[in-house]
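# Provide a 3D model corresponding to the input given below.
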Amino acid sequence: DEIEIYGKKCTTSAVSASTAPRQTMGNYPDPAQFGVKAITLSGIGNIGSTSGPVPLSEASARKCYGKYDENGNVTDVFFDSFCFAPANAFEKIGDPKKDGVKFVDELFTDGYNLSELNKAVAYVNEKLGMDSKATYWINLSCMGNRAKSADELYDVLKYQVDYALEKMKTTSLPNLKFVGFYYNDEYIARETEDITVEALSRLNEYLHGMELMSLWCPYYSAYGIWRWAEAGFDIACLQPNYMFYATESTRLKTCAEIAKLYGMCVELEIEEIDNEEACALYREYLREGVISGYMNSVQMYYGVIHSAYGSKKEYTSAVYDDSYKYSHDLLEENYNIPDAVDMSGLPESIDIEVKNGKSVSFEMGDIALLNYRFVQTPIFGRIRLNIGGKGSYRAMSGYCGNDTVAVELSDNAGNRRIIYINITVTE
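Sure, this is the predicted structure:
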C-alpha cells in the first residue's frame, strides 16, 4: 500500500494551525478555565404560583449561595453559579420565542428571582466580609426536531439572546455576573442533527464574540452528545440518570468514563430529598466523583440541595453537609466506602473450546454481590452471562481460531478485577 501527499514548499500564505481552547476532550472541564465551579440548576415557577415550583425568593437564595452551620451562621459560599430554567410547571405558550421572552420577563421582575439572588449575595458577602459575585446563566427555549433549517433555529435562539441582553441594560444587579446561556434541549434530534449543530455553532460563535459562554446538559443516552464541542458549547454536563430509573449498577462509573472521554462533567442528581433510599443513591454519585475525579471539575446539581439544611433526618442533613464538602473538593477517598466483597475464589481466566456454529456453557463462580461489565467483547461469537456467574458462548459459523472476552468485576468499595475468557473455536 502507498500513500501520496500533496502540499506546498512555500508556507507564506498558509493558515496557522489552531486548536479550540474550550475543547477539553479526555479531561473533565477545569473550573479555573471557565470561572465557575458549583452550578445549581434553579428551576423556577411562575410569579403568582401558590403550589409546586415558585420563583426564587431571597430566603431560598441565601440558603443556596451561603453555607450555614447548625446555629444558622454563614460560614462560606456554597453554590457559586445559578442556572435559571423554567420548572416543568412553568406556563408555556408553545412558541419558543414567546416562551423565551416570558421566562426572561419573569426572571428580571423586581422582587423575584435575579433581584432576590442579588440581595442574597449581598447578605452573604456582608456576613463573610467579602465582595464576591455569584454567576448566572439564562435558559434558552429550544425547538427539538421542529426546525426546518439552521437559519430558523439560529434566529429563534439569537432572538432570545438579544432580548435577554437588552433586558440586562435596564437592570442593576451589582452582586451578580452574567456568564452565558443554557441550551434546554437535552439531546440533538437525529433527524435534524446537522441543522442543529450548524445553528448552535453559529450561535456560540456569536456568544463568544461577546465573551459569553454556553452550557448544555444532555441525558445519559442522548443522541449527539459527541458533537457538543463541534456545536460550540463551552461546558457540557452528562446526566447519569441513575437516581430516577432502574439502571445497571455500573451506570455511574460508565457515565464518568464517557464524560471524561468527551470532555464533559457529570451532573449530580437527587429526588425526594427526605427519602432515605434517594439519599443513599446520591451518596453513590458523590463517592464516584471522588474516585473518578469529576468532583474536581465543574459541577452541576439537579435537586433542591439547600432544602436539606436543618433536617432532623440524619441522612437528609448529610446531603447538605456532604454536598458542601464535595463542592469545595473536600470529600476524602474513604468517603462512603461500603464493605468489600471477597473475590479471591474467582478464577483469573477461563479456557473453553467450542465447535464453530455451536454453543458452550461455562461457570465463572458466584458474582451475585458484584457489578460486572464486558470490557472486551467477542469478535467471532456471542456471549451471555448472568448474576449467578453462569454463561454461554456461541461461535460464529464458518470461523475457526481464537476469540477473547474480558469481564470486569467490581464491588461497591471500588475493588476491581478482570477475568479473561479464552475461547478456541474448532471445526
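# which residues in this structure form helices?
Here the chain has its helices, by DSSP state H, at 31-34, 58-65, 96-107, 114-128, 150-169, 193-208, 251-262, 276-292, 314-327.
# For these, give me CSV that also has mean neighbour count.
No exception for glycine: its C-beta is placed from N, CA and C like everyone else's. Converted to CSV, the helices of the chain look like this (neighbours: other Cβ atoms under 10 Å):
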stretch, mean neighbour count
helix 31-34, 16
helix 58-65, 20
helix 96-107, 20
helix 114-128, 20
helix 150-169, 17
helix 193-208, 19
helix 251-262, 19
helix 276-292, 19
helix 314-327, 19
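# can you put the ones you listed in CSV and add mean pLDDT and distance to I337?
Below are the helices of the chain laid out as CSV (pLDDT from 0 to 100; distance: least, Cβ to Cβ, whole Å):
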stretch, mean pLDDT, distance to I337
helix 31-34, 96, 26
helix 58-65, 96, 29
helix 96-107, 96, 42
helix 114-128, 98, 33
helix 150-169, 98, 45
helix 193-208, 98, 41
helix 251-262, 95, 15
helix 276-292, 95, 8
helix 314-327, 97, 14
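# wait, which of those is closest to F374?
Nearest of the helices of the chain to F374, taken as Cβ to Cβ: helix 251-262 at 11.5 Å.
# same for the closest one, what does it pack against?
Secondary structure elements in contact with helix 251-262, counted by 3 or more Cβ pairs under 8 Å, 6 or more residues apart in numbering; DSSP states H and E, are strand 235-238, strand 265-269, helix 276-292.
# Let me have those in a markdown table, adding distance to Y112 as columns.
Below are these laid out as a markdown table (distance: least, Cβ to Cβ, whole Å):
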| stretch | distance to Y112 |
| --- | --- |
| strand 235-238 | 26 |
| strand 265-269 | 26 |
| helix 276-292 | 29 |
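# mind checking how far the nearest residue to I188 once chain neighbours are set aside is from S297?
In space, and not counting its chain neighbours, I188 is closest to G224: 2.9 Å by Cβ to Cβ, 6 or more residues apart in numbering. Distance, G224 to S297, by Cβ to Cβ, to the nearest Å: 21 Å.
# And for Y420?
For Y420, the distance to S297 - Cβ to Cβ - is 33 Å.
# cool, and T424?
44 Å.
# Who has more neighbours out of the two?
Shown here are T424 and S297; by other Cβ atoms under 10 Å, S297 has more neighbours (26 against 13).
# Contact partners for S397?
Applying Cβ atoms under 8 Å, 6 or more residues apart in numbering to S397 gives the contacts 356-357.
# What is the burial count for the closest residue to D403 other than its chain neighbours?
In space, D403 comes closest to I423 once its chain neighbours are excluded; the distance is 4.2 Å by Cβ to Cβ, 6+ apart. I423 has 22 neighbours, counted by other Cβ under 10 Å.
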